[in-house]
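Asks: whatever this is, show me its structure:
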Amino acid sequence: MNEHHTPAASTGAAIPAEDATRADALGSALRGAREWWKVHVAGQIDQAEVIERRRAEGALSEHFLFMTTMSGGIAILGLLLSSPAVVIGAMLLSPLMGPIMGLGFALAIGDWDWLRQCARTLLIGSVMAVLLCAVLVFLSPIQTITSEIAARTRPNLFDLFVALFSALAGAYAMIRGREGAIVGVAIATALMPPLAVVGFGLATFNWTVFSGALLLFVTNFLTIALTAFALAKLYGFHTSLSARNTMVQNIALVTVFVALAVPLGFSLQQIAWETNAQRIVRSELRAQFDARSQVDRLEIDFAAAPVVVHAVVFTPKLRAGIEQQLSATLAERLGQGVRLDLVQYEVGTNEAAAERAQLSSARAREEREATARAEALALRLALAAGVAPGEVLIDNGHRRALVRAKRLEGASLATYRALEGRIAASEPEWRIELVPPAGALPAIAVNDGEPDADALALIGWAAQRLDRGVVLTGPSAQAEAAAARLREANIAVAVRPAAGSLRAGWAEEGK
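Replies: Below is the predicted model of the structure:
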């Protein structure tokens, strides 16, 4: 018996010794890693310089307020026009990242005055942006919920993780002095567009849009601030709080983060359910019809009670009374009431006929959408030109739009050109031509013997739009140099040598 127990006892004595050795080795490795991080990573950071830069960016200044409001104005126009390029431009202009990052760093070092300053800057800037966007939407003839607006009304857990990883990149770039990465972070977190959508919801009294966009903005800014705090602590930014207060602070931060994750998790769950519901509806539709049938269109309104399903099916054989049966089946599988709006089109007896019908329907739908876009473009051009929409010439086939503008009080040729450029930027597939009134041509400055290129470009644009020639009057060498530039753009130019400065005027009609 003893012979059997002795090895076990010796083995039992050996295990604690091995564990202790491993624990000592692990502890030593951790201490070494901590020391290496403290000396070679965190120790290389000039904390005073980083804090000073963050303080400057979080201050309430004229520049901050101006750039925030301009960013908000650009964002809401991009959202109304459903133009991702314009929306991205607004993200790049937005200075909101400064005070939000400042909140995190202020929390990390326990500077409550700085924390209040950043919170005040963020609040004032956000309110100004929301109010400007609300005014622009209220005055705008376009108040429809575009795809760009709808995309920012349903935040979910993925938005939380996008903000988290973007904030990690942004805070790291700020601490390590590589702030060029902030451009990408500004695009990823998209702070300004949700605020613009908040303004849209306020102006249209749509509280679903308002609350959804506000939750997305709060998600982004809290996640960025908390992540900046965590990374600043990791890099050794010091706090004046006691150990007990620091623990309370950490618990409060984790609580806020979890509280934010819960509603977003429910939102993600709802989106996942809707995705699965779409799959179920489509599969049930296909199961009820001939294998050669095609589901052309499927739209589901999950906000309605009961859920409304709109579907179009091309089938070789019509099925009478199927709506009631299919509604009951869908209600059972989805677990809630369903109202089905089903349209059946009878096509040929083979699959190719159904596909041709579906293709024909898709083309018809594209034509309707193109017509709607053209009507919207005509309306915007009419507003810019000060004329009725019927006076705008639209050529859908060649993607060309032309309008003759009325004379606007105080508007110069540069104003009309800028209006045309803004609309053309939002419609890259179209050739936009806004014909201005024949106003006075701009003065042409001459620097080092070279005529001003911007003035010549404006003169050339106006001459092309009005199809008129130009007369240049001034010193012969300067006038000939300017004329050569204009002739490159196929502008008819006459030169009249004279003393004095270089001037431009319109040639008489027919000459």
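Asks: send me the helix or strand harbouring Ile459 as PDB with only the CA atoms.
Replies: In the assignment (DSSP states H and E), Ile459 maps to helix 453-466. Once non-C-alpha atoms are left out, helix 453-466 reads as follows in PDB (Å, rounded to 0.1, in the frame of the first residue of the first chain):
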ATOM      1  CA  ALA A 453      -5.900  82.400 -65.400                       C
ATOM      2  CA  ASP A 454      -9.000  82.400 -63.200                       C
ATOM      3  CA  ALA A 455     -10.400  85.500 -64.800                       C
ATOM      4  CA  LEU A 456      -9.800  84.100 -68.300                       C
ATOM      5  CA  ALA A 457     -11.500  80.800 -67.300                       C
ATOM      6  CA  LEU A 458     -14.600  82.700 -66.200                       C
ATOM      7  CA  ILE A 459     -14.600  84.800 -69.400                       C
ATOM      8  CA  GLY A 460     -14.200  81.700 -71.500                       C
ATOM      9  CA  TRP A 461     -17.100  79.900 -69.600                       C
ATOM     10  CA  ALA A 462     -19.400  82.900 -70.100                       C
ATOM     11  CA  ALA A 463     -18.500  83.200 -73.800                       C
ATOM     12  CA  GLN A 464     -19.200  79.500 -74.400                       C
ATOM     13  CA  ARG A 465     -22.500  79.600 -72.500                       C
ATOM     14  CA  LEU A 466     -23.700  82.700 -74.300                       C
END
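Asks: mind listing what's buried in that helix?
Replies: Neighbour counts using 16 or more other C-beta atoms under 10 Å place Ala455, Leu456, Leu458, Ile459, Gly460, Trp461, Ala462, Ala463, Arg465, Leu466 of helix 453-466 among the buried residues. No exception for glycine: its C-beta is placed from N, CA and C like everyone else's.
Asks: so which of those residues comes closest to Ser327?
Replies: Arg465 (57.9 Å; C-beta to C-beta).
Asks: list the contacts of the closest residue to Arg400 other than its chain neighbours.
Replies: Using C-beta to C-beta, 6 or more residues apart in numbering and skipping the chain neighbours, the partner closest in space to Arg400 is Arg431 (4.6 Å). Arg431 makes contact with His398, Arg399, Arg400, Ala401, Ala424, according to C-beta atoms under 8 Å, 6 or more residues apart in numbering.
Asks: contacting residues for the last one?
Replies: Ala424 makes contacts with Trp430, Arg431, Ile432, as judged by C-beta under 8 Å, 6+ apart.
Asks: CSV for those, including pLDDT?
Replies: Listed next are the contacts of Ala424 as CSV, based on pLDDT from 0 to 100:
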residue, pLDDT
Trp430, 86
Arg431, 88
Ile432, 90
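Asks: how close does Ala401 get to Ile394?
Replies: 5 Å (C-beta to C-beta, to the nearest Å).
Asks: more neighbours: which of the two?
Replies: Ala401 (23 against 17; other C-beta atoms under 10 Å).
Asks: roughly how far does the residue sitting nearest the centre point of the chain sit from Phe217?
Replies: Geometric centre of the chain, nearest residue: Val87, 4.4 Å, by C-alpha atoms, centre = their mean. Separation of Val87 from Phe217 (C-beta to C-beta): 15 Å.
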